[in-house]
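Asks: sharing a model prediction with you, sequence too.
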Amino acid sequence: MSEAVELSKVSMDFAQFRAVNKVDVTIKAGEFFSFLGPSGCGKTTILRLISGFMDPTEGAVKIGGVDMIGIRPNARPTALIFQNLALFPLMPVWENISFGLEVRGVDKATRRAKAEELLNLVELYDSADKKISQLSGGQKQRVAIARALAVEPKVMLLDEPLSALDLKLRQHMRAELRAIQKRTGVTFIYITHDQGEALAMSDRVGVMSQGILQQVGTPMEIYNNPANGFVASFVGENNIFEGTVKSVKAGVASFATALGNFETRLGKGVAAGSKAKIYVRPEHTALQKTTAPKANSVPVEVGDVAFEGNFVNIFVRDRLGGTHMIQAQNDPNIALPANGSKMHMVFAPEHAVVLAAAATSSQS
């Protein structure tokens, strides 16, 4: 019921503009794979190349080992869910779901039975005869998914389908989509600019920037071991310090900045003498009144404190005017530092990494 999708050095040009640049990645059969990146990075173009709405300028797109070049969208084993869902308002829910089967000449009784089977799958048990206008936003999302599944695709393509929903419903639908994908076993390829969606739902994530696939990995790999500065900055928050790698020993870099010297992990593509940046996650930092002489430590002044419910974000300023963030768990028994307090922001070497800038060719 699912197939692998292989992109082999795929590029897509529009006149003088290259929207996708030599993307090389294999998406496994039955995998939930997300392309994550900012607007204009090429992720939707990749979806259109897989679905058949355009053919690549260079490279090959294969589904189940079969080259898709020249094969029309309706002849490919794919189904595409658009951002606006494109449901038919004058049709009841069951006819929306079975529309693709009707086009293929399937009789009404079989279409109805298939629609009700899929409504059970997406947990809309009593909605077959409802109008689309009677459904909530989340229910419409599920109808769109059921309609796509009706034609039994091997690959499901989803172009930011949750972007129009409010935060609470988006979070709920993340879990719904993940559960439906696991129940069906269909390969899901998901396009999003929302890191929370990508990290929460995906087996693997491909992070894109300016048409280039910067890194592919599991959500934990992407978050904890970013390949370069773009991935580190785009996926999650970071405190960033600019400077120069003074020396490297056993994978540990001595890093010189205007605020002092730090010891950090060494990322790929960085060597002694390189000008680079170090990245430290806010949850891996702490505030202390005093600090040991050899600690990674930055003297700071406490500014705003933002209460976020289960955690607290503490914003601080260094002596050069740079702003940094410390994230701490909400604990009513621990007093928060007062605005204007003089303290030290500290972090362990293993929780900081020195990284090069964004990749200029795709990484798979």
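Replies: Sure, I can see it.

Asks: ends of stretch 190-204, how far apart?
Replies: Length of stretch 190-204, first residue to last, Cα to Cα, to the nearest Å: 11 Å.

Asks: check which residues of that stretch are buried.
Replies: For stretch 190-204, the neighbour count (16 or more other Cβ atoms under 10 Å) marks 190-193, 195, 197-204 as buried. Bear in mind the C-beta positions are built from the backbone N, C-alpha and C, glycine included.

Asks: can you show me the helices along the chain?
Replies: For the chain, applying DSSP state H gives helices covering 43-51, 93-103, 108-121, 137-150, 167-184, 195-201, 219-224, 229-234.

Asks: if we can go back for a sec, now the buried residues of stretch 190-204 in JSON lines, with pLDDT and distance to H344?
Replies: Conversion of the buried residues of stretch 190-204 to JSON lines gives the following (pLDDT from 0 to 100; distance: Cβ to Cβ, whole Å):
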{"residue": "Y190", "pLDDT": "95", "distance to H344": "42"}
{"residue": "I191", "pLDDT": "94", "distance to H344": "42"}
{"residue": "T192", "pLDDT": "94", "distance to H344": "38"}
{"residue": "H193", "pLDDT": "93", "distance to H344": "36"}
{"residue": "Q195", "pLDDT": "93", "distance to H344": "30"}
{"residue": "E197", "pLDDT": "92", "distance to H344": "36"}
{"residue": "A198", "pLDDT": "94", "distance to H344": "34"}
{"residue": "L199", "pLDDT": "95", "distance to H344": "31"}
{"residue": "A200", "pLDDT": "93", "distance to H344": "34"}
{"residue": "M201", "pLDDT": "94", "distance to H344": "38"}
{"residue": "S202", "pLDDT": "96", "distance to H344": "37"}
{"residue": "D203", "pLDDT": "97", "distance to H344": "40"}
{"residue": "R204", "pLDDT": "98", "distance to H344": "38"}
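
Asks: quick one: which of those residues is nearest A19?
Replies: Each of these was checked against A19 using Cβ to Cβ; the closest is I191, at 13.5 Å.

Asks: list the contacts for that closest one?
Replies: Contact analysis of I191 by Cβ atoms under 8 Å, 6 or more residues apart in numbering lists 34-35, 43-44, 46-47, 157-160.

Asks: one more: G340?
Replies: Under the criterion of Cβ under 8 Å, 6+ apart, the neighbours of G340 are 301-302.

Asks: now it: how far from I145?
Replies: Look at G340 and I145: by Cβ to Cβ, to the nearest Å, they are 52 Å apart.

Asks: buried residues, stretch 275-282. List them.
Replies: Neighbour counts using 16+ other Cβ under 10 Å place 276-282 of stretch 275-282 among the buried residues.

Asks: ditto for stretch 30-43
Replies: Of the residues in stretch 30-43, those buried (16+ other Cβ under 10 Å) are 30-37, 41-43.
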